[in-house]
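> make a model of this:
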Amino acid sequence: MTLLHTTEEAMEIGGRIYSDMKAKGKSIDIRDVLIAAITLQNGASLLTRNREHFERMEELVLVSIK
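As a prediction, the model looks like this:
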């Protein structure tokens, strides 16, 4: 497993995600925004038990844990 770090680019992606969600009237926790942004910036898939937190981000590829 590789540990991914935050970057300026990831923060810009996060800003866009947050703004898009807010414009659609959807609330989202900033921690979820940051996780999604770092994942997208690295071209990775997100392994999660909490699909409902991330399903609204269409560009994010999710992998479920059972």
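
> OK, contacts around the nearest residue to residue 35 once chain neighbours are set aside?
In space, and not counting its chain neighbours, residue 35 is closest to residue 46: 7.0 Å by CB to CB, 6 or more residues apart in numbering. C-beta coordinates here come from the backbone N, C-alpha and C atoms, glycine included. Neighbour list for residue 46: 35, 36, 39, 54, 60, 61, 62, 63 [criterion: CB atoms under 8 Å, 6 or more residues apart in numbering].

> which SS state does residue 25 fall under?
coil (DSSP: H, G, I helix; E, B strand; the rest coil).

> and it, how far from residue 54?
Applying CB to CB, to the nearest Å, the value for residue 25 to residue 54 is 18 Å.

> and the two? Which one has more around it.
The neighbour comparison of residue 25 against residue 54 (other CB atoms under 10 Å) goes to residue 54, with 17 against 6.

> residue 60 is in contact with that one, correct?
Yes - between residue 54 and residue 60 there is a contact at 5.6 Å, judged by CB atoms under 8 Å.

> can you give me the buried ones in stretch 20-28?
Neighbour-count burial for stretch 20-28, counted by 16 or more other CB atoms under 10 Å, picks out 21, 28.

> make that stretch 32-42, sorry
Across stretch 32-42, burial judged by 16+ other CB under 10 Å covers 32, 33, 34, 35, 36, 37, 38, 39, 40, 41.
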